[in-house]
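1. can't give you the sequence, but here's the structure:
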């Protein structure tokens, strides 16, 4: 499995866990908020905290390298949010399991019978009250007997409903299964987040190795060697400066022997050099204390 496929898998699993956890937290917080009339606010708070819990583990390793204290605080925050999310998930799953149990065919049948008996009992009680009001004592006594019979039947149905054995594994091991599911969502979410961070770090490392950056600085000694050709001039940057350096000694000897005047016209006539190269040579000889300024930016051989 290559790195890209692994990252896609981790992202998919992390997203699935995040959506599931956020939905369960939403159900729990919505019910909790509805009890005090602020269901929307509680739902928004729950989803926000759940998203923080999911995203935080992805950058904890990076923060730990820069500031361990903040990383510890983030770990603590994530732990607290995971506990809250686990409680919310357990509550939402248990409610779903209870609804599932009530929805079984046998329970539905008994529940329907109970509703009918309750309605029958209410009607009989109302009839009895009406008979007593108009002094039909005999009929009221018969109605009372019927009320007693219906009451016994209703109690029997209540007993039958509570004694119905649900063979569903979810119902039988509801607490254990709910806890395992809730904890698994949180653990898988954190593991996928950390794995995704590791894969991204590995990806960056591979790229940096395959594309190395040359950070070598030029040692001072090499800089001095480069500048030694023209001591006071910047390192050679052009062909003209290189050529000027190559004829520097020849021009220097010609000027010292008096064969050539230290001027642009003299060097131009003797060596046929471009003006830019002549300026470089004259400036260099001046820096070497061989020439000195004379007559409006001109030069002459410096006297000993």
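-> Nice, I can see it. Here the structure is a predicted model, which is why all the values come from computation and not from measurement.
2. in stretch 4-24, what counts as buried?
-> Under the neighbour-count criterion of 16 or more other Cβ atoms under 10 Å, stretch 4-24 has 7, 10, 13-14, 17-18, 21-22, 24 buried. Where C-beta positions appear, they are placed from N, C-alpha and C, glycine not excepted.
3. Then stretch 280-294?
-> The neighbour-count check on stretch 280-294 (16+ other Cβ under 10 Å) flags 280-286, 290-291 as buried.
4. Among the residues you listed, which lie within strands?
-> Secondary structure assignment by DSSP state E places residue 291 of those in strands.
5. For the buried residues of stretch 280-294, work out which two are farthest apart.
-> Pairwise distances across the buried residues of stretch 280-294 (Cβ to Cβ) peak at 14.1 Å, for the pair 280 and 290.
6. what residue ranges in the stretch 51-200 of the chain are flagged as low confidence?
-> Applying pLDDT under 70 to the stretch 51-200 of the chain flags the ranges 99-105, 164-173.
7. if we can go back for a sec, mind putting the buried residues of stretch 280-294 in a markdown table, distance to residue 134 and pLDDT included?
-> Shown next, in a markdown table, are those (distance: Cβ to Cβ, whole Å; pLDDT from 0 to 100):
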| residue | distance to residue 134 | pLDDT |
| --- | --- | --- |
| 280 | 134 | 88 |
| 281 | 139 | 88 |
| 282 | 140 | 88 |
| 283 | 135 | 88 |
| 284 | 137 | 89 |
| 285 | 142 | 87 |
| 286 | 139 | 87 |
| 290 | 144 | 87 |
| 291 | 143 | 88 |
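8. Apart from its chain neighbours, what residue comes closest to residue 279?
-> Excluding the flanking residues, the one nearest residue 279 by Cβ to Cβ, 6 or more residues apart in numbering is residue 264, at 7.6 Å.
9. ok, residue 280 to residue 267 distance?
-> Per Cβ to Cβ, to the nearest Å, residue 280 is found 11 Å from residue 267.
10. I should have written residue 184 there, sorry.
-> From residue 184 to residue 267 the distance is 89 Å (Cβ to Cβ).
11. Neighbour count: these two, which is higher?
-> Taking neighbours as other Cβ atoms under 10 Å, residue 184 and residue 267 compare with residue 267 leading, 23 against 12.
12. Contacts only, for that one.
-> Under the criterion of Cβ atoms under 8 Å, 6 or more residues apart in numbering, the contact list for residue 267 reads 251, 260, 273, 278, 281-282.
13. what separates it from residue 286, distance-wise?
-> Taking Cβ to Cβ as the measure, residue 267 falls 13 Å from residue 286.
14. need the buried residues of stretch 4-24 in CSV with distance to residue 180 and secondary structure, can you?
-> Below are those laid out as CSV (distance: Cβ to Cβ, whole Å; DSSP: H, G, I helix; E, B strand; the rest coil):
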residue, distance to residue 180, secondary structure
7, 28, helix
10, 22, helix
13, 17, helix
14, 20, helix
17, 14, helix
18, 19, helix
21, 15, helix
22, 20, helix
24, 14, helix
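15. any idea which of those residues is the one closest to residue 36?
-> Nearest to residue 36 among the buried residues of stretch 4-24: residue 24, at 20.3 Å, using Cβ to Cβ.
16. Please, where are all the strands along the stretch 201-304 of the chain?
-> 291-294, 298-301 (DSSP state E, counting those that start in this stretch).
17. quick one: which of these is nearest residue 45?
-> Closest approach to residue 45 among the strands of the stretch 201-304 of the chain (Cβ to Cβ): strand 291-294, 82.0 Å.
18. Mind telling me what element the closest residue in space to residue 198 that isn't next to it in sequence is part of?
-> When the adjacent residues along the chain are set aside, residue 198 lies closest to residue 61, with 7.9 Å between them (Cβ to Cβ, 6+ apart). According to DSSP states H and E, residue 61 maps onto helix 60-66.
19. can you list contacts of that helix?
-> Residues outside helix 60-66 that contact it (Cβ under 8 Å, 6+ apart): 70-71, 74-75, 78, 194, 197-198, 201.
20. Buried ones among those?
-> Buried among those by 16+ other Cβ under 10 Å: 71, 74, 78, 197.
21. In a markdown table: those residues, plus secondary structure.
-> Output for the buried ones among the contacts of helix 60-66, formatted as a markdown table (DSSP: H, G, I helix; E, B strand; the rest coil):
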| residue | secondary structure |
| --- | --- |
| 71 | helix |
| 74 | helix |
| 78 | helix |
| 197 | helix |
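22. Redo these as a markdown table? Include distance to residue 50.
-> Converted to a markdown table, those look like this (distance: Cβ to Cβ, whole Å):
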| residue | distance to residue 50 |
| --- | --- |
| 71 | 21 |
| 74 | 16 |
| 78 | 11 |
| 197 | 19 |
